[in-house]
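Colleague: Fold the following and give me the result.
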Amino acid sequence: MINAPGKRIMIFNVNWLGDVLFSTAAVRNIRRNFPDSFIACVIPSRCYPVLKGNPHLDEIMIFDEHDRHKSVLPKLSFVRQLKSKKFDTVFLLHRSFSRTLICRLAGITERIGYYTRKRAFLLTKKIHPPKKDSLHRIDYYLKIIDAAGLKVEDRFPEFFIGPADTDFVENFFKKQAVKKGEFVAALNPGGNWCPKRWPPAFWAELADKLINRLNCRVVITGSHSDTKIAEEIMARMKQRPIVSCGAFNLKQLGALIRRADVFVSADSGPLHIASCVGAKKIIALFGPTSVEVTGPYPYKNTIVLQKDVGCKIPCYEVNCKDNRCMQAITPDEVLEKIVT
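Modeller: All right, here's what the predicted structure looks like:
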């Protein structure tokens, strides 16, 4: 693969916030190999804030396969859009057949990605995939770069926030009468599927103990969709937390997490943002997912709590009824890790 100044490269990225964050290590290493090339990245609109402001990209393109590009005509329109941009090479971080076909129809000559039986004939560089769950997600994406014959120099993810994001958080704190020097705990109770979530009653108990014992200002974070969870937690509390669900975009959330004295979260996108922005202290609550596969990285200032309850980990049982792996982590254990 030759680095030419006029080379035009596309990265067809994955779908979830945390995974896109993990992929930023691959984005940076591709840029290092092609410093003078045009590099674009394709992501779903919900993941756009993860890459916004990333200096290694010249363009971010949106592809929403389950929304605006769900039917055939919008997909064909997207193909035409790609064709007009005259890309030479695509790195397919996603193992989707349809995405690979789109790149073939768009006339992208070099198509690099993991081998699957369905799409093997569409790839020009077929990379043998690693054994399932044998690599951290960061290394899973970097393996594509390495197997393509490129240099991989490091493996940390990146998330960029600016002064405006920091100022937004400070103004929010002023409105909430949070004084400088007060201990702030940011609690993130959400998650993209229920078995990864810690029970609302446990969050409520932890929040009350933080307020009562540490005179702490507790901020419950999340998107608009997490409002219901936050309300359930508040209803179980004796004290009153600050609820910020829907108040921050992802960049501002990153600034909040960096400002807080401790951030507590299950395996979720915000947990990985916390690692990227250098949070002061992170308590990561893990249950049905593997720390080795989707754990926070870098591991600086991070304590992971995960219990062996006799279940297979990772299990990915989306319809799990008892959630015993998460319930095995007690509020007192989390509190102890916060104060030590």
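Colleague: Spell out the residue ranges of the helices in the protein.
Modeller: 17-33, 48-51, 72-85, 97-105, 137-147, 163-175, 200-214, 227-236, 250-259, 269-277, 291-294, 324-327, 331-339 (DSSP state H).
Colleague: Now do the closest residue to Arg324 other than its chain neighbours against Gly149, distance only.
Modeller: Excluding the flanking residues, the one nearest Arg324 by C-beta to C-beta, 6 or more residues apart in numbering is Val309, at 5.2 Å. Placement of C-beta: from N, CA and C, glycine included. Distance check for Val309 against Gly149: by C-beta to C-beta, to the nearest Å, it reads 44 Å.
Colleague: so what's the backbone phi/psi at Cys245?
Modeller: The phi/psi pair for Cys245 (degrees, to the nearest 10) reads phi -60, psi 120.
Colleague: check contacts around it.
Modeller: For Cys245, the contacting residues are 220-224, 226-227, 230, by C-beta atoms under 8 Å, 6 or more residues apart in numbering.
Colleague: Show me the shaky parts of the stretch 151-300 of the chain.
Modeller: Judged against pLDDT under 70, the stretch 151-300 of the chain has no low-scoring part.
Colleague: if we can go back for a sec, which one's more surrounded, Val309 and Gly149?
Modeller: More neighbours surround Val309 than the other of Val309 and Gly149, with 13 against 10 (other C-beta atoms under 10 Å).
Colleague: tell me the contacts of the more buried one?
Modeller: 324-325, 328.
Colleague: Same check on Ala201?
Modeller: So Ala201 contacts Arg236 (C-beta under 8 Å, 6+ apart).
Colleague: again with the one 10 residues further on
Modeller: With contacts defined as C-beta under 8 Å, 6+ apart, the neighbours of Ile211 are 217-218, 239, 241.
Colleague: Kindly recompute the last result at 7 Å.
Modeller: Ile211 makes contact with 218, 239 under the criterion C-beta atoms under 7 Å, 6 or more residues apart in numbering.
Colleague: got it, and the one 10 residues further on?
Modeller: By C-beta under 7 Å, 6+ apart, the contact list for Thr221 reads 186-188, 244, 253, 256, 270.
Colleague: Could you measure from it over to Ala207?
Modeller: Distance, Thr221 to Ala207, using C-beta to C-beta: 12 Å.
Colleague: tell me, what's touching those two both at once?
Modeller: By C-beta under 7 Å, 6+ apart, the residues touching both Thr221 and Ala207 are Leu187.
Colleague: which two of the contacts of Cys245 lie the greatest distance from each other?
Modeller: Ile220 and His224 (13.1 Å; C-beta to C-beta).
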